[in-house]
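Novice: No sequence on hand, only this structure:
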Ligand SMILES: [Zn+2]
């Protein structure tokens, strides 16, 4: 406000720097529960267990993993001389 008054009074106002403030839109997380079942064979009595599908083995989806990787990179570059 002071700069505007200064400029209005005939002074010169110039941009010092442009400060950026970045925010993400609110994100609703998607959480899937993959229930693995086991069953007993009626012939021999052995137990058979379901296998977790490959895409769920890490516990994190590709977009979430990419975000974590990106943030890790940013964290690594901040504060370095
Ligand atoms: Zn069997």
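Specialist: Structure's in. What do you need? On a predicted model such as this, the values are computed, not experimentally measured, just so you know. Residues are numbered from 1 along each chain as shown.

Novice: give me the element the residue positioned nearest the centre of the chain is part of.
Specialist: When Cα atoms, centre = their mean is applied to the chain, the residue found nearest the centroid is residue 67 (3.9 Å). Residue 67 is part of helix 62-77, with elements assigned from DSSP states H and E.

Novice: Touching that helix from outside, list them.
Specialist: Defining contact as Cβ atoms under 8 Å, 6 or more residues apart in numbering, one finds that helix 62-77 is touched by 58, 60. Just so you know, the C-beta spots here come from the backbone N, C-alpha and C atoms, and that holds for glycine as well.

Novice: What is the neighbour count of the closest residue to residue 49 other than its chain neighbours?
Specialist: Nearest non-adjacent residue to residue 49, counting by Cβ to Cβ, 6 or more residues apart in numbering: residue 38, 4.6 Å away. Close neighbours of residue 38, defined as other Cβ atoms under 10 Å, add up to 8.
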